[in-house]
Structures are given as structure tokens and as C-alpha cells.
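>>> next one to model:
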Amino acid sequence: VSTQSTWKQWYQRRVHGKQWYQRRVHGKQWYQRRVHGKQWYQRRVHGGLNSRLSPLKPARKPVNFVVSHTMARADFTGTWNLDAAASGNPEAVAELEGRGWVARKAIANTTNVKLTIAQTAETFSIKMETTFKNEEGTVNLNGAEEEHDVDGHKTKVTATFEEDGKVLLVTHRYTNANGKTSERTIRRHLEDDGKTLVAETTVTVEGQTASVKRVFRKA
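From the prediction side, this is the model:
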């Protein structure tokens with residue numbers, strides 16, 4: 001290093017001060033890190049102009065959100081009347097169940113059918129009133145198998161919701177009047193913004209199947 005260069009450096013430090021000289025020799029970034037510290041400099045460079053105005057905060061831990069999916073079940077509570085014109089004929093189902101001719105004809109020709117349903121979070125109660133006969137019963141909605149007396153037969157009954165709570169499936173397993181093992185399923189769902197109840201009944205007896213769809217309008 002020449003004597004002239006050394007004298008010039010001494011003169012600049014003497015006249016302008018040490019801080020000016022350090023910025024002159026090492027650059028503005030080095031000087032900022034030297035004076036304000038490494039964290040301030042990193043915030044100044046990477047965090048935007050306003051980041052230097054607030055104190056440093058520790059990095060936030062990621063938040064895990066738990067989303068609860070509660071199934072909204074269809075509610076069949078209300079009084080419903082059969083729409084015979086929109087419904088199928090249940091005679092084939094009654095025949096497969098082993099009912100006699102008189103009973104089958106009475107069921108097929110009965111158009112005045114009224115359902116009264118009361119549903120809670122745990123139970124489903126239904127009362128059916130017709131000119132032929134009246135029936136009523138209650139099942140739990142937890143899917144557990146229960147034993148009921150239906151038409152004089154010991155019947156194992158289960159009730160569960162399907163299709164995201166839109167369909168209520170009630171299953172009856174029993175021995176019919178002819179001594180044959182039978183299964184009856186009733187799938188209920190709502191239409192027309194809850195004003196229409198559709199009940200689809202399917203009976204299976206030793207591989208044979210018969211079905212009927214019945215439509216009810218809310219009173």
C-alpha cells in the first residue's frame with residue numbers, strides 16, 4: 001500500500017469519521033449489519049420496509065384445524081297421507097309374505113292410509129292407520145338389532161341412516177306365515193323440500209323378491 005493511499009485513508013477517517021469511512025470501504029450493507037445487528041439487517045432485506053418498525057416475533061407454530069362433520073339426518077316427523085295415484089300396488093309384496101287372498105285384496109284396495117311419525121335423535125316411532133287395520137311401533141336409530149312382535153311373528157329389527165342421513169333403512173327379519181325365512185326392508189326418504197315421503201318396501205323370501213313404492217303427502 002502506497003504512502004499516499006495510507007495518508008488518504010487516514011485523512012478520510014479523520015475528517016468524516018470512522019462510521020463514514022467503514023461505509024465507504026465496506027459498503028452500506030456491511031455497515032448496517034455492523035451498527036444495527038444481523039437480525040435488523042435480515043428483517044430490512046427480507047421482511048420489507050415496515051418489518052424494522054416492530055420487534056421480532058418468534059415463528060408461529062402451524063395450527064391444525066379439526067373439522068367436525070355432523071350428519072344432518074332427514075326428519076320424518078309429521079302426519080302423512082297416502083297418495084294412492086302416485087303409489088304402486090302392494091299385493092305382490094303381501095303375497096310373497098304369505099298373506100291370504102282376503103288380506104292381500106284388503107291391503108291392495110286400501111287407499112286411505114295415514115302415517116303419524118315422531119322422530120328424535122335416538123328413536124323413530126310410527127303409527128299407521130287404515131280402514132283394514134292399525135299398526136304402530138318404535139325402533140332405536142343406533143343400528144342395534146332389536147326383537148319385536150310384528151303381526152304375531154318374532155321379528156328382528158334394525159334401523160340405520162344411509163346416504164349421508166338422507167335415507168332411513170329399517171330391516172325386518174322374521175319367519176312368515178308359511179314358515180319361511182323372510183326379510184323386509186323399508187327405505188324412506190323425503191322429496192319436495194320435505195313435503196313428500198317416499199317409502200320403498202322390498203321383501204325377500206328364499207331368493208324371491210317383490211317390491212313396491214308408496215308415496216305420502218304431508219298433511
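>>> ok, and the closest non-adjacent residue to residue 89?
Spatial nearest neighbour of residue 89, chain neighbours left out: residue 108 (5.6 Å); criterion: CB to CB, 6 or more residues apart in numbering. For glycine as for every other residue, the C-beta is placed from the backbone atoms N, C-alpha and C.
>>> tell me how far the one you found lies from residue 206.
Computed with CB to CB, to the nearest Å, the distance linking residue 108 and residue 206 is 23 Å.
>>> more neighbours: the two, which one.
The neighbour count for residue 108 versus residue 206, taken as other CB atoms under 10 Å, is higher for residue 108 (17 against 10).
>>> just checking, what packs against the one helix or strand the more buried one maps to?
According to DSSP states H and E, residue 108 maps onto helix 101-109. Helix 101-109 is packed against helix 91-96, with contacts defined by 3 or more CB pairs under 8 Å, 6 or more residues apart in numbering; DSSP states H and E.
>>> report the backbone C-alpha coordinates of the helix it packs on in PDB.
C-alpha atoms of helix 91-96 as PDB (Å, rounded to 0.1, in the frame of the first residue of the first chain):
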ATOM      1  CA  GLU A  91    -100.400 -57.000  -3.400                       C
ATOM      2  CA  ALA A  92     -97.300 -58.800  -4.800                       C
ATOM      3  CA  VAL A  93     -95.400 -58.000  -1.600                       C
ATOM      4  CA  ALA A  94     -98.300 -59.200   0.600                       C
ATOM      5  CA  GLU A  95     -98.500 -62.500  -1.400                       C
ATOM      6  CA  LEU A  96     -94.800 -63.200  -1.000                       C
END
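>>> packing partners of that helix?
helix 101-109, strand 196-205, strand 208-218.
>>> average pLDDT for that helix?
For helix 91-96, mean pLDDT rounds to 94.
>>> ok, and what's touching it?
Outside helix 91-96, the residues within contact range by CB atoms under 8 Å, 6 or more residues apart in numbering are 103-105, 107-108, 201, 203, 205, 208-212.
>>> if we go to 7 Å?
103-104, 107-108, 201, 203, 205, 208, 210-212 (CB atoms under 7 Å, 6 or more residues apart in numbering).
>>> where does the prediction get shaky in this protein?
Low-confidence regions of the chain, defined here as pLDDT under 70, cover residues 1-71.
>>> next, count neighbours for residue 173.
Per other CB under 10 Å, the neighbour tally for residue 173 reads 16.
>>> beta partners of it?
In this entry, residue 173 is beta-bridged to residue 156, residue 183, by DSSP bridges.
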